[in-house]
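A.B. asks: Below: sequence and its predicted model.
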Amino acid sequence: MTKTDIRPVKLPDDKQKTASHALTRVRAYLAEHQDASQIHVSVQDEGDREPLALPREAVELLASLLAHLGAGRAVSIVPSDAELTTQQAADMLNVSRPFLIGLLDAGEIEYRTVGSHRRITASSLLEYQRRDDHRRRRVADELTQLGQEMGMI
(Lines give C-alpha, C1' and ligand atoms only; values in the text may rest on other atoms or scores of the structure.)
Protein backbone atom coordinates (compact mmCIF):
# COMPACT_ATOMS: atom_id res chain seq x y z
CA MET A 1 0.00 0.00 0.00
CA THR A 2 1.30 3.47 -0.81
CA LYS A 3 1.90 6.12 1.80
CA THR A 4 -1.09 8.39 2.36
CA ASP A 5 -0.55 12.14 2.16
CA ILE A 6 -3.01 13.81 4.54
CA ARG A 7 -1.53 17.29 4.53
CA PRO A 8 -4.40 19.76 4.76
CA VAL A 9 -5.03 22.34 2.06
CA LYS A 10 -6.01 25.85 3.10
CA LEU A 11 -6.91 28.55 0.62
CA PRO A 12 -5.35 31.99 0.83
CA ASP A 13 -7.79 34.74 1.86
CA ASP A 14 -8.24 36.02 -1.70
CA LYS A 15 -9.37 32.57 -2.94
CA GLN A 16 -11.84 31.92 -0.11
CA LYS A 17 -14.37 34.25 -1.76
CA THR A 18 -14.06 32.30 -5.00
CA ALA A 19 -14.77 29.05 -3.12
CA SER A 20 -17.79 30.62 -1.38
CA HIS A 21 -19.18 31.89 -4.68
CA ALA A 22 -18.72 28.46 -6.28
CA LEU A 23 -20.45 26.87 -3.28
CA THR A 24 -23.49 29.09 -3.77
CA ARG A 25 -23.79 27.99 -7.40
CA VAL A 26 -23.23 24.29 -6.63
CA ARG A 27 -25.83 24.30 -3.82
CA ALA A 28 -28.35 26.07 -6.05
CA TYR A 29 -27.83 23.52 -8.80
CA LEU A 30 -28.19 20.60 -6.36
CA ALA A 31 -31.40 22.11 -4.94
CA GLU A 32 -32.89 22.61 -8.42
CA HIS A 33 -31.98 19.07 -9.51
CA GLN A 34 -32.83 17.02 -6.43
CA ASP A 35 -33.78 13.93 -8.44
CA ALA A 36 -30.65 13.90 -10.58
CA SER A 37 -28.27 11.02 -9.91
CA GLN A 38 -25.69 12.59 -12.22
CA ILE A 39 -24.71 16.22 -12.47
CA HIS A 40 -23.51 17.62 -15.79
CA VAL A 41 -20.75 20.18 -15.57
CA SER A 42 -19.31 22.26 -18.38
CA VAL A 43 -15.54 22.46 -18.36
CA GLN A 44 -13.86 25.09 -20.46
CA ASP A 45 -10.80 23.82 -22.26
CA GLU A 46 -9.37 23.85 -25.76
CA GLY A 47 -10.65 20.44 -26.80
CA ASP A 48 -13.78 18.57 -25.80
CA ARG A 49 -16.89 20.73 -25.22
CA GLU A 50 -19.07 17.83 -24.10
CA PRO A 51 -20.50 18.26 -20.57
CA LEU A 52 -18.74 16.26 -17.88
CA ALA A 53 -21.04 13.88 -16.00
CA LEU A 54 -20.32 13.55 -12.28
CA PRO A 55 -22.03 11.35 -9.70
CA ARG A 56 -24.28 13.40 -7.40
CA GLU A 57 -22.35 12.14 -4.37
CA ALA A 58 -19.11 13.60 -5.78
CA VAL A 59 -20.77 16.99 -6.30
CA GLU A 60 -22.20 16.91 -2.76
CA LEU A 61 -18.70 16.17 -1.46
CA LEU A 62 -17.39 19.07 -3.56
CA ALA A 63 -20.00 21.35 -1.95
CA SER A 64 -18.84 20.29 1.51
CA LEU A 65 -15.23 20.86 0.52
CA LEU A 66 -16.02 24.32 -0.85
CA ALA A 67 -17.93 25.21 2.33
CA HIS A 68 -14.94 24.40 4.54
CA LEU A 69 -12.39 26.05 2.26
CA GLY A 70 -14.57 29.15 1.84
CA ALA A 71 -14.82 29.44 5.63
CA GLY A 72 -11.03 29.47 5.87
CA ARG A 73 -10.64 25.96 7.26
CA ALA A 74 -7.95 23.56 6.11
CA VAL A 75 -9.22 20.34 4.51
CA SER A 76 -7.76 16.89 3.89
CA ILE A 77 -9.36 14.09 1.93
CA VAL A 78 -8.51 10.64 3.25
CA PRO A 79 -9.94 7.46 1.68
CA SER A 80 -11.57 5.20 4.29
CA ASP A 81 -9.18 2.35 3.47
CA ALA A 82 -6.06 4.54 3.64
CA GLU A 83 -3.45 3.21 6.03
CA LEU A 84 -2.05 5.86 8.32
CA THR A 85 1.12 5.96 10.36
CA THR A 86 0.75 6.41 14.10
CA GLN A 87 1.83 10.05 13.74
CA GLN A 88 -0.74 10.73 11.01
CA ALA A 89 -3.46 9.08 13.10
CA ALA A 90 -2.44 11.07 16.19
CA ASP A 91 -2.52 14.27 14.14
CA MET A 92 -6.03 13.46 12.86
CA LEU A 93 -7.28 12.90 16.43
CA ASN A 94 -5.32 15.91 17.68
CA VAL A 95 -3.60 13.83 20.36
CA SER A 96 0.02 12.96 21.05
CA ARG A 97 1.58 9.93 19.43
CA PRO A 98 2.23 8.25 22.84
CA PHE A 99 -1.46 8.73 23.76
CA LEU A 100 -2.48 7.12 20.44
CA ILE A 101 -0.11 4.19 21.07
CA GLY A 102 -1.86 3.71 24.42
CA LEU A 103 -5.23 3.55 22.64
CA LEU A 104 -3.85 0.99 20.20
CA ASP A 105 -2.35 -1.14 22.98
CA ALA A 106 -5.64 -0.97 24.92
CA GLY A 107 -7.51 -2.30 21.87
CA GLU A 108 -9.53 0.90 21.40
CA ILE A 109 -8.49 1.25 17.74
CA GLU A 110 -7.86 -1.57 15.28
CA TYR A 111 -4.48 -1.65 13.59
CA ARG A 112 -2.07 -4.00 11.90
CA THR A 113 1.66 -4.25 12.06
CA VAL A 114 3.98 -4.02 9.08
CA GLY A 115 7.33 -5.18 10.34
CA SER A 116 7.67 -3.25 13.58
CA HIS A 117 5.39 -0.40 12.47
CA ARG A 118 1.71 0.01 13.26
CA ARG A 119 -0.73 0.99 10.51
CA ILE A 120 -4.24 2.25 11.21
CA THR A 121 -6.96 2.44 8.58
CA ALA A 122 -8.80 5.74 8.41
CA SER A 123 -12.09 3.88 8.85
CA SER A 124 -10.87 2.35 12.15
CA LEU A 125 -9.80 5.78 13.35
CA LEU A 126 -13.16 7.34 12.42
CA GLU A 127 -15.02 4.47 14.11
CA TYR A 128 -13.07 5.10 17.33
CA GLN A 129 -13.81 8.82 17.06
CA ARG A 130 -17.54 8.12 16.62
CA ARG A 131 -17.60 5.78 19.65
CA ASP A 132 -15.62 8.27 21.76
CA ASP A 133 -17.93 11.15 20.80
CA HIS A 134 -20.97 9.00 21.71
CA ARG A 135 -19.40 8.08 25.07
CA ARG A 136 -18.62 11.73 25.83
CA ARG A 137 -22.20 12.80 25.03
CA ARG A 138 -23.58 10.05 27.26
CA VAL A 139 -21.33 11.09 30.18
CA ALA A 140 -22.23 14.77 29.71
CA ASP A 141 -25.93 13.86 29.75
CA GLU A 142 -25.44 11.87 32.98
CA LEU A 143 -23.61 14.79 34.60
CA THR A 144 -26.38 17.17 33.55
CA GLN A 145 -28.99 14.85 35.00
CA LEU A 146 -27.06 14.54 38.30
CA GLY A 147 -26.71 18.32 38.46
CA GLN A 148 -30.44 18.75 37.98
CA GLU A 149 -31.24 16.14 40.63
CA MET A 150 -28.95 17.90 43.09
CA GLY A 151 -30.50 21.28 42.25
CA MET A 152 -27.24 22.67 40.89
CA ILE A 153 -28.64 23.36 37.44
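C.D. replies: Yep, that arrived.

A.B. asks: contacts, neighbours, all on C-alpha from now
C.D. replies: OK.

A.B. asks: pull the helix or strand with minimum mean pLDDT from this protein.
C.D. replies: Ranked by mean pLDDT, DSSP states H and E, the weakest helix or strand in the chain is strand 38-41, scoring a mean of 84.

A.B. asks: Can you list the strands that it pairs with?
C.D. replies: strand 52-55 (antiparallel) (DSSP bridges).

A.B. asks: how much space between residue 62 and residue 39?
C.D. replies: 12 Å (C-alpha to C-alpha, to the nearest Å).

A.B. asks: Hmm, I typed the wrong one, I wanted residue 101.
C.D. replies: For residue 101, the distance to residue 39 equals 43 Å [C-alpha to C-alpha].

A.B. asks: Using neighbour counts, pick out the buried residues of stretch 96-115.
C.D. replies: 97, 100-101, 104, 108-111 (16 or more other C-alpha atoms under 10 Å).

A.B. asks: got it, and stretch 114-134?
C.D. replies: Neighbour-count burial for stretch 114-134 [16+ other C-alpha under 10 Å]: 118-126, 128-129.

A.B. asks: now do stretch 43-51
C.D. replies: Per 16+ other C-alpha under 10 Å, stretch 43-51 contains no buried residues.

A.B. asks: Give the residue spans of the protein that score low on pLDDT.
C.D. replies: Scanning the chain for pLDDT under 70 picks out the ranges 1-4, 48.

A.B. asks: Outline the domain layout of it.
C.D. replies: If you go by automatic domain parsing, the domain ranges for the chain are 13-70, 83-149.

A.B. asks: so which of these comes closest to residue 77?
C.D. replies: Residue 77 lies closest to domain 13-70 among the domains of the chain, at 9.1 Å (C-alpha to C-alpha).

A.B. asks: mind checking the end-to-end distance for the closest one?
C.D. replies: Chord length of domain 13-70, first to last residue, is 9 Å (C-alpha to C-alpha).

A.B. asks: Which parts of the protein are helices?
C.D. replies: Using DSSP state H, the helices found in the chain span residues 13-32, 56-70, 86-93, 97-105, 122-149.

A.B. asks: Need those helices in CSV (columns: distance to residue 80).
C.D. replies: Shown next, in CSV, are these (distance: least, C-alpha to C-alpha, whole Å):
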stretch, distance to residue 80
helix 13-32, 25
helix 56-70, 14
helix 86-93, 13
helix 97-105, 18
helix 122-149, 5
